[in-house]
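Chemist: Build me a model:
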Amino acid sequence: MATVHFIPHDVAIPVAVGTRLIDAARAAGIRVETPCDGAGTCGKCKAKINDGEAATQANDYKGLTRAEREDGWVLACQTLVHGDLEVEIAATANEGLQILSEGHALNVELAPWIRKVFDPPQNVTRVLAGDDAIALEPGDTSDQFYGLAVDIGTTTLVTTLLDLRTGQELGVTSSLNPQARHAQDVLSRIKLGSKPEGLRKLHGELIEELSRQAAYLATKAGIAVVNIYEAIFSGNTTMLHLAMRTDPASLGKFPYEVKLQGGTHVLAKEIELGISEHGIVYLPPIMSAYVGPDITSGILAASLGEQPGTVLLVDIGTNGEIVLSVDGRLTATSTAAGPAFEGMNIACGMRASSGAVELVALGEHGIRAETIGAAEPVGICGSGLLDVVGELAANGGLDKNGRFLNNGASHDKAWRAQWETVDGKPAFRIAGPVYLTQKDVRQVQLAKGAIRTGIDMLLKASGIAATEVDRVLIAGSFGFHLRTKSLIHLGLLPGEFSDRVEFVGNTSKSGAQAFLLNRHTREKMRRVVEQVKVLELANDPAFEKAFIRSLQF
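Modeler: Numbers count the residues shown, from 1 in each chain. Okay, the predicted model is just below:
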């Protein structure tokens, strides 16, 4: 046996010799992200061996700079414990995490699916789901019934507690989706969840976190968690399969079959969700394998099917989903944007939390970089990443193919001193220890190219020119300070959209609230979803050429 002492957590734990350092950390209750599922490729589980003996595998240096290696840093997922250790685990950058929990709200009549009726002669209260009694409670509890609106994102979770008697929001909480520690994007999640052990892990960790959130909100609001009778699960199709403990394998291969249709209830106890033992979970209608209930919720929240003119809804996230409304006729599609917008696969990338660079501007006086909480810079989150790449593209720091022009046009700029070399490769210094690499630019290109391709092909399939789009609604919990200018500079949005963009926030969450508070929205959206035309891009022969064009700045 060996003892591993983690600092600054001041936790020591005995482990068997040969245990991976990351497993020792988790056994000690220390959360460490491994978006690559321990493959040693993402570089997000850095640890510094201050004292003791450890052995590392051959690929442990991926994601580490030469200076970090020389200073004793390793990757926890690739390091084996050979003896007593004193270890410093790098901050996970989740403290003060900012997750957008507000979105364009739809005002609905208060008519929840869950109701309570007190029977004075019997001195009991009937809990009704629709017209069916699901429980009997002694005494008069008719003023105590609550529900949850849950946005299950690939990267983040947002849970809202509502009083179903008044419609009042009693609290909201958010966190990272714990599944992201093992697999960053939808395709990786499908691959892992297709194995029985992986499905158990992904389902179990998700439900455990949602149950924790429910208990936290109940305690904070001073109510009993057993009086939470319904939860709305809004998320992409893969997330709902995992939440329901349903094998997602069919979502990852042609013909991309969906095993859940949505528009249905399941018993909360069947998936071990920690609310009332009589509680139920509602899944909004599902359009396809890659256009999920989060977009159904978004359509509802934005009243997209009732909007006049031509309106485009773009949900920017790990999975980019897009809906076009032409006088209420809806066409939807999706593209795999990947995790770059969340700071993953980026050299100095991190979540949107304290110390993350969230805004970058280049000007005649140099570079301006602002961090979350005005803290010392420690990394860069999605909004800052889009800013810096967009600013470089607009100011001569990148050519149209995304190559650094560190020896060319940018050398007459006030920020020319930001160019330097890191580990023998060109880099752009943003602030303090935070820099941008050529590889980072490529990751942004792939992500923005995927979304732009979806937009272009959706417009083309509908016979709509960019100039004919009246409004562009940008949704999603990604980022607090996305700027239209950066989206245009990157080419993520066509230039014609520059004066038509509105940021509508987390419509998956606000749509889930509408489902929770008004039962009639469920039948309404079932009919809407039946009429949506889904454009599948995966097998479209034009996709590859369109994608290559979309990579350009």
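Chemist: Which of the helices or strands spans the residue located most distally from the centre of the chain?
Modeler: Centroid-distance maximum for the chain: residue 121 at 50.3 Å, with CA atoms, centre = their mean. Assigned by DSSP states H and E, residue 121 belongs to no helix or strand.
Chemist: who are the neighbours in contact with the residue at minimal distance from the centre of the chain?
Modeler: Nearest to the geometric centre of the chain sits residue 155, at 3.0 Å (CA atoms, centre = their mean). Residues in contact with residue 155 (CB atoms under 8 Å, 6 or more residues apart in numbering) are 176, 177, 180, 184, 317, 318, 339, 342, 478. From N, CA and C alone the C-beta is placed, and that goes for glycine too.
Chemist: Now with 6 Å, please.
Modeler: Counting by CB atoms under 6 Å, 6 or more residues apart in numbering, residue 155 touches 177, 180, 318, 342.
Chemist: so after the helix or strand bottoming out on mean pLDDT in the chain, what's the next helix or strand?
Modeler: Between all helices and strands in the chain, the lowest mean by mean pLDDT, DSSP states H and E belongs to helix 66-70, at a mean of 74. Where DSSP H and E defines the elements, the next helix or strand beyond helix 66-70 is strand 73-75.
Chemist: So which bits of that following strand are buried?
Modeler: Under the neighbour-count criterion of 16 or more other CB atoms under 10 Å, strand 73-75 has 73, 74, 75 buried.
Chemist: hang on, the earlier thing: where does the residue nearest to the centre of the chain fall, phi/psi-wise?
Modeler: Torsion angles at residue 155 (phi, psi; degrees, to the nearest 10) stand at phi -110, psi -30.
Chemist: same thing with the one 4 residues further on?
Modeler: In terms of degrees, to the nearest 10, the main-chain angles of residue 159 are phi -120, psi 130.
Chemist: what's the closest non-adjacent residue to the residue nearest to the centre of the chain?
Modeler: If the residues on either side of it in the chain are set aside, residue 155 comes closest to residue 342, at 4.9 Å by CB to CB, 6 or more residues apart in numbering.
Chemist: Residue 361 now?
Modeler: Of all residues not flanking residue 361 in the chain, residue 368 sits nearest, at 4.6 Å (CB to CB, 6+ apart).
Chemist: same deal with residue 12?
Modeler: residue 5 (4.4 Å).
Chemist: Okay, and the beta partners of that neighbour?
Modeler: Per DSSP bridges, the residues bridged to residue 5 are residue 12, residue 86.
Chemist: Walking through the stretch 101-250 of the chain, point out its strands one by one.
Modeler: 114-119, 124-129, 132-138, 146-152, 156-163, 169-176, 228-235 (DSSP state E, counting those that start in this stretch).
Chemist: Now mean neighbour count, mean pLDDT and distance to residue 547 too, for the ones you listed, in TSV please.
Modeler: Compiled in TSV, these are given as follows (neighbours: other CB atoms under 10 Å; pLDDT from 0 to 100; distance: least, CB to CB, whole Å):
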stretch	mean neighbour count	mean pLDDT	distance to residue 547
strand 114-119	16	97	45
strand 124-129	19	97	46
strand 132-138	14	95	49
strand 146-152	27	97	28
strand 156-163	24	94	26
strand 169-176	17	91	29
strand 228-235	27	97	26
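Chemist: and those as a markdown table, adding distance to residue 358?
Modeler: Shown next, in a markdown table, are the strands of the stretch 101-250 of the chain (distance: least, CB to CB, whole Å):
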| stretch | distance to residue 358 |
| --- | --- |
| strand 114-119 | 39 |
| strand 124-129 | 43 |
| strand 132-138 | 45 |
| strand 146-152 | 21 |
| strand 156-163 | 16 |
| strand 169-176 | 17 |
| strand 228-235 | 25 |
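Chemist: mind checking which of these is nearest residue 27?
Modeler: Closest to residue 27 of those, according to CB to CB: strand 169-176, at 20.0 Å.
Chemist: What distance do you get for residue 340 to residue 185?
Modeler: According to CB to CB, to the nearest Å, residue 340 stands 10 Å off from residue 185.
Chemist: Between those two, tell me which one has more neighbours.
Modeler: Neighbour count, other CB atoms under 10 Å: between residue 340 and residue 185, residue 340 has more, with 26 against 23.
Chemist: show me the contacts for that one.
Modeler: By CB under 6 Å, 6+ apart, the contact list for residue 340 reads 443, 444, 447.
Chemist: Check residue 152 too.
Modeler: By CB under 6 Å, 6+ apart, the neighbours of residue 152 are 233, 235, 239.
Chemist: Show me the beta-bridge partners of the first one.
Modeler: If I follow you right, that is residue 233. Counting by DSSP bridges, residue 233 is bridged to residue 150.
Chemist: Residue 51 now?
Modeler: Partner residues in beta bridges with residue 51, using DSSP bridges, are residue 86.
Chemist: Residues touching the helix or strand where residue 313 lies, excluding its own?
Modeler: Using DSSP H and E, residue 313 maps to strand 310-315. With CB under 6 Å, 6+ apart as the contact definition, strand 310-315 has outside contacts at 298, 302, 304, 321-326, 468-476.
Chemist: on that earlier part again, alpha carbons only: can I get the least confident helix or strand of the chain in CSV?
Modeler: Output in CSV follows, covering the C-alpha atoms of helix 66-70 (Å, rounded to 0.1, in the frame of the first residue of the first chain):
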residue,chain,number,x,y,z
ARG,A,66,8.0,21.4,-21.8
ALA,A,67,8.2,23.8,-18.9
GLU,A,68,5.4,22.0,-17.1
ARG,A,69,7.1,18.6,-17.5
GLU,A,70,10.4,20.0,-16.2
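Chemist: Can you point out the buried residues in it?
Modeler: By 16+ other CB under 10 Å, the buried positions in helix 66-70 come out as residue 68.
Chemist: What is the nearest of the buried residues of strand 73-75 to residue 430?
Modeler: residue 73 (20.8 Å).
Chemist: That closest one against residue 45, yeah?
Modeler: No - look at residue 73 against residue 45 with CB atoms under 6 Å: they stay out of range, at 10.6 Å.
Chemist: Outside of stretch 355-367 itself, list whatever touches it.
Modeler: Residues from elsewhere that reach stretch 355-367, judged by CB under 6 Å, 6+ apart: 350, 368-372, 375-381, 383-384, 387-388, 391, 395, 414-415, 418, 430-431, 434, 481.
Chemist: Go through those residues and flag which are in helices.
Modeler: 383, 384, 387, 388, 391 (DSSP state H).
Chemist: Setting aside sequence neighbours, what's the nearest residue to the third one?
Modeler: Leaving aside its sequence neighbours, residue 387 sits nearest to residue 360 (CB to CB, 6+ apart; 4.0 Å).
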